[in-house]
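Chemist: Kindly return the folded structure for what I paste below:
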Amino acid sequence: MNGGVPLKSKKKRERRTVKFKERAVQRMLAGEPVAGLSRELGVRRSLLYRWLEAYRKEGISGFRPIGRSGWSQDKQAEVAEVRISQLECKVGHQAMVIDFLRRAFKRVEELRRPSKGNGGTASMERSRP
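Modeler: Next comes the predicted model:
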C-alpha cells in the first residue's frame, strides 16, 4: 500500500492525425478562440499554437510525425550531415598519416639497401669504435 495516497496515472500520449491537426488549425485561422478549441479538443493551447506555427512554416507537411528518437527528419538529416563531415575529415587525416608512413618506410628501406660503391652497407645503427 502507498499510505492512502492515490497513485498518479500516467496519461498515454495520444497521436493526432494530420487531418485532425489541419482541422484544428483551420478553425484557429477562421478566428475561433483558442481556449475554447483547446477545451473542446482536449489539446493544450501551447500544442495548438505549435501546430499553427508548423502549418504556417511548412503547410500540411509541417504535421509529419516525429520519429522514435524525438527528432524530426530534418534534425536527423542535419545530424547525419555533421557526422558524415566529421568522418570525411577523419578519413582525410588517416590518409595523410598513411601517406607519411609509406614515405618514411620507403626512406628507411633506401637507407638499409647495400651501397653500390666501395665500403660497407648503410645501416641505421652507429658503428662502434
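Chemist: C-alpha from now on. contacts and neighbour counts both.
Modeler: Will do.
Chemist: longest helix of this structure?
Modeler: Across the chain, the helix with the greatest residue count (assigned by DSSP state H) is helix 73-112.
Chemist: neighbours around Arg83, how many?
Modeler: 12 (other C-alpha atoms under 10 Å).
Chemist: just to revisit the earlier point, distance from the longest helix of the chain to the middle of the chain?
Modeler: Centroid separation for helix 73-112 versus its chain: 21 Å, with C-alpha atoms, centre = their mean, to the nearest Å.
Chemist: What average pLDDT does that helix get?
Modeler: In this model, helix 73-112 has a mean pLDDT of 89.
Chemist: same deal with stretch 19-35?
Modeler: So the average pLDDT for stretch 19-35 ends up being 92.
Chemist: Just the CA trace of it, in PDB.
Modeler: Once non-C-alpha atoms are left out, stretch 19-35 reads as follows in PDB (Å, rounded to 0.1, in the frame of the first residue of the first chain):
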ATOM      1  CA  LYS A  19      -6.300  15.600 -40.700                       C
ATOM      2  CA  PHE A  20      -7.200  16.400 -37.000                       C
ATOM      3  CA  LYS A  21      -4.300  18.900 -36.800                       C
ATOM      4  CA  GLU A  22      -5.300  20.500 -40.100                       C
ATOM      5  CA  ARG A  23      -8.900  20.900 -39.000                       C
ATOM      6  CA  ALA A  24      -7.900  22.400 -35.700                       C
ATOM      7  CA  VAL A  25      -5.500  24.900 -37.400                       C
ATOM      8  CA  GLN A  26      -8.200  25.900 -39.900                       C
ATOM      9  CA  ARG A  27     -10.600  26.600 -37.100                       C
ATOM     10  CA  MET A  28      -7.900  28.800 -35.400                       C
ATOM     11  CA  LEU A  29      -7.200  30.600 -38.700                       C
ATOM     12  CA  ALA A  30     -11.000  31.200 -39.000                       C
ATOM     13  CA  GLY A  31     -10.900  33.100 -35.700                       C
ATOM     14  CA  GLU A  32     -12.200  30.600 -33.300                       C
ATOM     15  CA  PRO A  33     -11.000  31.200 -29.700                       C
ATOM     16  CA  VAL A  34      -8.000  29.000 -28.900                       C
ATOM     17  CA  ALA A  35      -9.000  28.500 -25.300                       C
END
